[in-house]
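Colleague: quick one: sequence and predicted model below, then my questions.
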Amino acid sequence: MLFKRTLPLLVVFVLGIAMMIQYFIPHPISQSFKEGADNWIRIIGAFAIVLGLASFFHVHTRKIMRKNKDSIFSVVAIVSLIGMALIGILGKDGLDNWLFSNLYSYIIVPLDATMFSLLSFYIASAAFKAFKARNAMAFALLVTAIIVMLGRVSFGSFLNGLVEWIMVYPNTAAQRGILIGIGLGIIATSLKIILGIERSYLGGE
């Protein structure tokens, strides 16, 4: 109980309060403490990468040994990870060698582009559902979206003034409201974690 719950809660509380004090009331002592904590965070992060790799190999080798229907993807993942790591580490020019650069530029980048391009279909589907004018707010969203989209193409140039007004005033106001809400949510969540109210990061809760 001490090492699973009490000690982690105590560490989070002390570090959280110390970082808050250092941010709002900077002092050479608190700055030195922050720099030391940052170094420890980097060290712990390095060990976390090792644990992540161990978990990665454990999960995928278990899938391969069980001969799941998707085990071929686990084989590709392991081979890709080991291959790219070895090429980057053992290559004469390190990360600048031509094989590593070509594998990244002609395999990983196109795969990333393909993955994100598939999201456009989901975005289009969500937009179609959102644009159904079920009430006054949805109707306002629909009209505004149509005006902005028309103003961004050549034959809708006569709407440029209205589009710029929408983007500068209502859109900016809405974005600031969202950012304020996000900031308040971050503050509330941080306080809950520091005070030990939120304990989901400990696991099992």
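Modeller: That came through, no problem. Small disclaimer: the values here were computed from a predicted structure and weren't measured.
Colleague: which residues of the protein score low on pLDDT?
Modeller: The chain contains residues with pLDDT under 70 at 1, 94-95, 130, 133, 204-205.
Colleague: please enumerate the helices of it.
Modeller: Using DSSP state H, the helices of the chain run over 7-24, 28-66, 71-90, 98-103, 109-130, 136-151, 160-168, 170-194.
Colleague: who's sitting farthest from the centroid in this protein?
Modeller: Phe158 (38.6 Å; Cα atoms, centre = their mean).
Colleague: how close does that one sit to Ile182?
Modeller: In this view, Phe158 and Ile182 are 36 Å apart by Cβ to Cβ, to the nearest Å. The C-beta positions use only the backbone N, C-alpha and C, and glycine is treated the same way.
Colleague: start to end distance for stretch 89-104?
Modeller: Terminal residues of stretch 89-104 are spaced 15 Å apart (Cα to Cα, to the nearest Å).
Colleague: please list all residues in contact with Ala77.
Modeller: The contact partners of Ala77, by Cβ atoms under 8 Å, 6 or more residues apart in numbering, come to Phe56, His60.
Colleague: ignore the last one, Phe3
Modeller: Counted by Cβ under 8 Å, 6+ apart, Phe3 has zero contacts.
Colleague: how far away is it from Ala37?
Modeller: Taken as Cβ to Cβ, the span from Phe3 to Ala37 is 20 Å.
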